[in-house]
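K.L.:
Sequence and predicted structure are below.
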Amino acid sequence: MIDIKLLREDTDRIRSAIATKKFHCDLDTVLGLDASRREKITEAERARAAQKAANTEMAGLVKGSPEFLEKVKEMKEMAAQAKDLEADAKAADAAFQAAFLEIPNLPDSSVPVGKGENDNVVASTWGDAEAAFPHALPHFDIPWFESRIDFARGVKATGAGFPFYVGEMSRLVRALVNFFLQEAQANGYEEVLPPIVVNAESATATGQLPDKEGQMYVDENEGLYLIPTAEVPVTNFYRDEILEAGQLPICRCAYTPCFRREAGSWGAHVRGLNRLHQFDKVELVKWTDAESSMEELEKLRENVEGTLQKLELPYRVLRMCTGDIGFPHAKQYDLEVFAAGQKRWLEVSSCSNFTDFQARRAGIRYRNADGKLITAHTLNGSGLAVPRVLAALLENNLQADGRVKVPECLQYWMRQSYVGECH
RNA sequence: GGAGAAGUGGCUGAGUGGCCGAAAGCGCUUCUUUGCUAAAGAAGUGAACCUCAAAAGGGUUCCGCGGGUUCGAAUCCCGCCUUCUCCGCCA
């Protein structure tokens, strides 16, 4: 959530900033709820204070004496009134909180203004997407593809979008995960292995709830959600904690499977590995102070770019425009690799600064040099998501003989130069 | 899953209906003493929200969480969560 003081004091600026994002919210309603909430709280507190004062007075009286009993009678009414006012205040506060939670984060001033994905700006490209990939095919058209990444068996076991990776494809996934983790560690991110189901509080803190409830798989019995990204458990590691400024920035990485329902999004562009309900990803997460988060975002992006370069996959960096960045995002870069078979750019990483938006929801603060409590900033980025990297790798590295060349950086785990040998 | 016990401030821990936001100790901060360190002494030492132009000040809430009883709850009652012990099950 944003800083309520900002909203009260600088409403017009907030209004115009949010108007550039794709989320709708009624600031006037929120401000109205805020005003009535405060009024009711003040009223309730005044009643409670009066009651307390009278009570203290009463503590001095002899129990059971006539004046005591008289006073009790009086106090009954007072107490009932205070209780009612308190209930009103509580309801008003809850109404405000619910509405307040619907306000998206403000885009940073450096974010290009735009309506949607066509207004994103290509910040840079690496490698040569125009190069000849004479043998490239869409990965799902490679003759052996369906026997090594088996969607049909996945349908049988689970449903669409849950493939089996068989044999060397399974090992290749594992190699990618290991490589990503090794890169993250080399860049100073400490590895954690988090829970892959989370409770509602965690999902609310990072912004999946209340808005994107339909995107997650839920265990109704336990009230737990399968994580759509490791961002959720990892960011919540420090929920409701106070950090020391000297600890920051804290950099963590985590490998997890990710689960996304992606309801209603099946079609031509989601064949094969392009979009799955379950996929593997290494996530990078940072907690920083309020001053350095934008700087840290650039470093985060550079770290991910370095990993893509070692994989020798052509990629481009998009500066996402105001109309295309997410609900809790202040600034976002998307990294897309070029898949030469499909002749498409595939998003493999999203590097984002959430400023204090998630941390305020999550109660993550730090003590600065003056001993003051400041809301921390949180950032994260995929580093990287496996299936689309794998898709691009299969397509771009496809040889004339139908085999796929394994990049040098994966040799430590794969120990073979090619996959997809014909048997 | 069954039986029992427990959850108090940064930590240990006292507190069984009003004088308790909470004893005491530890820790931490500042000061004094000191050649330095140690030791000793003194003072201070949570958070959220409301009020206030701001600061100061004032107020409300917070003793696992949520309800209830009562004029009044850390203290009594109910539900839940978590931890520990024992039993069962189990990678």
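P.N.:
Thanks, I have the structure now.
K.L.:
Get me the contact residues on chain A for RNA strand B.
P.N.:
Within chain A, the positions near RNA strand B by Cβ under 7 Å from any atom of the strand are A:4, A:38, A:41-42, A:44-46, A:48-49, A:51-53, A:55-56, A:58-59, A:63, A:72, A:75-76, A:78-79, A:83, A:90, A:365, A:373. No exception for glycine: its C-beta is placed from N, CA and C like everyone else's.
K.L.:
mind redoing it with 6 Å?
P.N.:
A:38, A:41-42, A:45, A:48-49, A:52, A:55, A:58-59, A:63, A:72, A:75-76, A:79, A:373 (Cβ under 6 Å from any atom of the strand).
K.L.:
out of these, who's nearest A:Ala17?
P.N.:
Of all the residues of chain A next to RNA strand B, A:Arg38 has the smallest distance to A:Ala17: 23.9 Å, by Cβ to Cβ.
K.L.:
Let me see the backbone angles for the closest one.
P.N.:
With angles defined as degrees, to the nearest 10, A:Arg38 sits at phi -70, psi -40.
K.L.:
Give me the below-cutoff pLDDT ranges for chain A.
P.N.:
Along chain A, segments meeting pLDDT under 70 span A:263-268, A:422-423.
K.L.:
Which helix in chain A has the most residues?
P.N.:
If you go by DSSP state H, chain A has its longest helix at helix A:66-100.
K.L.:
What helices and strands are in contact with that one?
P.N.:
If you count contacts as 3 or more Cβ pairs under 8 Å, 6 or more residues apart in numbering; DSSP states H and E, helix A:66-100 packs onto helix A:27-59.
K.L.:
One more pass at 10 Å, please.
P.N.:
In this structure, helix A:66-100 packs against helix A:4-9, helix A:27-59, with contacts taken as 3 or more Cβ pairs under 10 Å, 6 or more residues apart in numbering; DSSP states H and E.
K.L.:
packing partners for the helix or strand just after it?
P.N.:
Tracing the chain past helix A:66-100, the next element assigned as helix or strand by DSSP states H and E is strand A:121-126. Strand A:121-126 sits against helix A:293-311, strand A:315-319, strand A:331-339, with contacts defined as 3+ Cβ pairs under 10 Å, 6+ apart.
K.L.:
nearest to A:Val348, of the ones you listed?
P.N.:
strand A:331-339 (5.2 Å).
K.L.:
Return the distance of the following helix or strand past that closest one from the chain's centre.
P.N.:
Per DSSP H and E, the first helix or strand lying C-terminal to strand A:331-339 is strand A:344-353. Centroid displacement of strand A:344-353 relative to its chain, using Cα atoms, centre = their mean, to the nearest Å, is 13 Å.
K.L.:
What is the following helix or strand past strand A:344-353 packed up against?
P.N.:
Scanning forward in sequence from strand A:344-353 by DSSP H and E, the next helix or strand is helix A:357-362. When contacts are defined as 3+ Cβ pairs under 10 Å, 6+ apart, helix A:357-362 packs onto helix A:200-206, helix A:231-235, strand A:278-288, strand A:373-375, strand A:377-385.
K.L.:
Buried deepest among the helices and strands packed on strand A:121-126, which one?
P.N.:
The highest mean neighbour count among the helices and strands packed on strand A:121-126, using mean count of other Cβ atoms under 10 Å, belongs to strand A:331-339: a mean of 25.
K.L.:
That one vs strand A:377-385, what angle?
P.N.:
Note on geometry: by axes from the mean of the first three to the mean of the last three Cα atoms, to 10 degrees, strand A:331-339 and strand A:377-385 are set 10 degrees apart in direction.
K.L.:
and strand A:331-339, C-alpha only, in PDB?
P.N.:
Only the C-alpha atoms of strand A:331-339 are listed here, as PDB (Å, rounded to 0.1, in the frame of the first residue of the first chain):
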ATOM      1  CA  LYS A 331       9.400   0.300 -11.900                       C
ATOM      2  CA  GLN A 332       9.800  -2.800 -13.900                       C
ATOM      3  CA  TYR A 333      12.100  -4.200 -16.600                       C
ATOM      4  CA  ASP A 334      11.200  -7.300 -18.600                       C
ATOM      5  CA  LEU A 335      13.900  -9.400 -20.100                       C
ATOM      6  CA  GLU A 336      12.900 -11.300 -23.200                       C
ATOM      7  CA  VAL A 337      14.900 -13.900 -25.100                       C
ATOM      8  CA  PHE A 338      14.600 -14.400 -28.800                       C
ATOM      9  CA  ALA A 339      13.200 -17.800 -29.700                       C
END
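K.L.:
could you give the angle of it to strand A:344-353?
P.N.:
Using the same axes, to 10 degrees: strand A:331-339 against strand A:344-353 is 160 degrees.
K.L.:
Can you tell me the SS state at A:Arg261?
P.N.:
coil (DSSP: H, G, I helix; E, B strand; the rest coil).
K.L.:
OK, contacts around A:Tyr255?
P.N.:
Each residue near A:Tyr255 by Cβ atoms under 10 Å, 6 or more residues apart in numbering is listed here: A:177-178, A:180-181, A:184, A:191-194, A:230, A:280-283, A:386.
K.L.:
What is the neighbour count of A:His24?
P.N.:
A:His24: 9 surrounding residues under other Cβ atoms under 10 Å.
K.L.:
Now do it against RNA strand B, distance only.
P.N.:
Note on A:His24: its distance to RNA strand B, by Cβ to the nearest atom of the strand, to the nearest Å, is 25 Å.
K.L.:
How about A:Phe164?
P.N.:
Where RNA strand B is concerned, A:Phe164 sits at a distance of 21 Å (Cβ to the nearest atom of the strand).
K.L.:
Run a quick neighbour tally on that residue.
P.N.:
Neighbour number of A:Phe164 under other Cβ under 10 Å is 16.
K.L.:
wait, isn't it in contact with A:Leu276?
P.N.:
No. The criterion here is Cβ atoms under 10 Å, and A:Phe164 misses it with A:Leu276 at 11.8 Å.
K.L.:
anything in contact with each of these two?
P.N.:
A:151, A:154.
K.L.:
and A:Asn368, what is it in contact with?
P.N.:
Contacts for A:Asn368 (Cβ under 10 Å, 6+ apart) come out as A:244-245, A:248, A:289-291, A:374.
K.L.:
Done for today, thanks.
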